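What shape does this take:
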Amino acid sequence: MSNSNLDKRKPLDKKGGLLAILIAILWSANPLAAKIGLEDAPIFRLGFMRFALGIFVVVAWGIYTKQSFLISKKTLIPLCISSVIVPIQFGFHLFGQDQTSASHGVIMIVTFPLWAAMFSHFYNKNDRLNRVRVFGLILAFLGIIVLFWESFNNNFIEYLIGDVLILISAIILGARLVYVSHITQGINKIHVVLFETVIGFLSFFVISMLIERQEFVFTQSLIISLFYLGIVIAGFGLILQTHVLKTYLPGKVTFFNLFQPILGVFFAWIILAENPGIELFLSILLVFIGSYFALKK
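Model prediction:
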């Protein structure tokens with residue numbers, strides 16, 4: 001496992017910022033792809049097929065880049081910890097989303113960059129928060145609240161339990177990203193991604209075999225969904241995310257994920273011709289202003 005002598009992470013630069021924005025763009029379409037896939041396949045079956053495709057991409061990428069797949073005994077514990085957290089975090093998200101609305105779920109889960117910044121403040125001496133950065137984080141998150149305020153305000157009590165479960169999921173996700181950023185200082189990033197996809201596949205496969213009996217067919221929409229969820233996200237997306245977390249301090253890198261819901265609404269406006277309202281533009285303004293302060297040194 002890593003130590004301070006192995007830590008080569010650096011403050012966010014322009015290249016890192018562009019990569020973080022690319023990750024946010026890729027993940028912003030993830031809920032839409034999942035929604036399309038769930039029309040034709042149950043949750044856990046869709047999940048294990050997604051991870052199976054992810055394993056294929058990770059192994060193929062590892063072979064192409066001539067990575068070693070040999071894992072030392074001393075890295076097994078941190079690899080297992082980071083990998084087991086994945087289905088636990090998703091489980092809280094899954095059961096929480098079942099008891100709340102989509103917009104509430106978006107607001108709760110998108111808090112994970114705030115938690116990541118907080119954990120990184122205590123875990124990384126070079127990634128400390130200050131008053132200016134805290135102000136920027138709060139301002140940016142207010143932009144997300146503005147985007148979904150009407151729905152969130154109207155059903156607060158009704159969806160409270162689900163909201164709390166997804167908030168726990170967001171806290172776990174924030175902690176996991178900081179932990180992955182830490183352990184990859186001494187562990188091959190391919191090993192981290194491979195463990196996460198394999199553990200994710202095994203856990204979802206077992207649960208699917210135990211509780212899911214629905215029949216399904218490979219429709220064109222399901223294939224498109226799986227391509228995005230598996231090849232793009234669980235494969236190349238996780239590799240790219242792990243590379244960024246290995247290279248840069250996590251507090252600022254994860255911040256760009258606050259753009260995800262805004263991008264989702266923006267794409268719905270462009271692709272589906274949905275009227276976003278003035279909330280989208282006010283939200284964008286707040287997030288951009290917040291970004292300026294949150295990313296200051």
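
List the residues that contact Leu139.
Neighbouring residues of Leu139 by C-beta atoms under 8 Å, 6 or more residues apart in numbering: Leu286, Ile289, Gly290, Phe293, Ala294. Any C-beta I mention is one placed from the backbone N, CA and C, and that applies to glycine too.

Out of these, grab the one that's most surrounded.
With neighbours taken as other C-beta atoms under 10 Å, the top of those is Ala294, carrying 27 neighbours.

and that one, how far is that from Ile145?
16 Å (C-beta to C-beta, to the nearest Å).

how close does Ile262 sit to Ile25?
Counting by C-beta to C-beta, the gap from Ile262 to Ile25 is 11 Å.

Quick check on those two: which one has the bigger neighbour count.
Neighbour tally, Ile262 and Ile25, criterion other C-beta under 10 Å: the higher count belongs to Ile262, 23 against 14.

Which is the succeeding secondary structure element to the helix or strand harbouring the more buried one?
Remark: Ile262 resides in helix 260-272, with elements defined by DSSP states H and E. Using DSSP H and E, the helix or strand that follows helix 260-272 in sequence is helix 278-294.

for that following helix, packing partners?
helix 131-147, helix 260-272 (3 or more C-beta pairs under 8 Å, 6 or more residues apart in numbering; DSSP states H and E).

which stretch in those helices is the model least sure about?
With a mean of 70, helix 260-272 has the lowest mean pLDDT of those.

If you tally nearby residues, what's the number for Val146?
If you count neighbours by other C-beta under 10 Å, Val146 ends up with 20.

cool, and Gln99?
17.

Helix, strand, or coil at it?
Secondary structure, DSSP: H, G, I helix; E, B strand; the rest coil: Gln99 is coil.

Can you name the residues that contact it?
Per C-beta under 8 Å, 6+ apart, neighbours of Gln99: Tyr159, Ile161, Gly162, Leu165.
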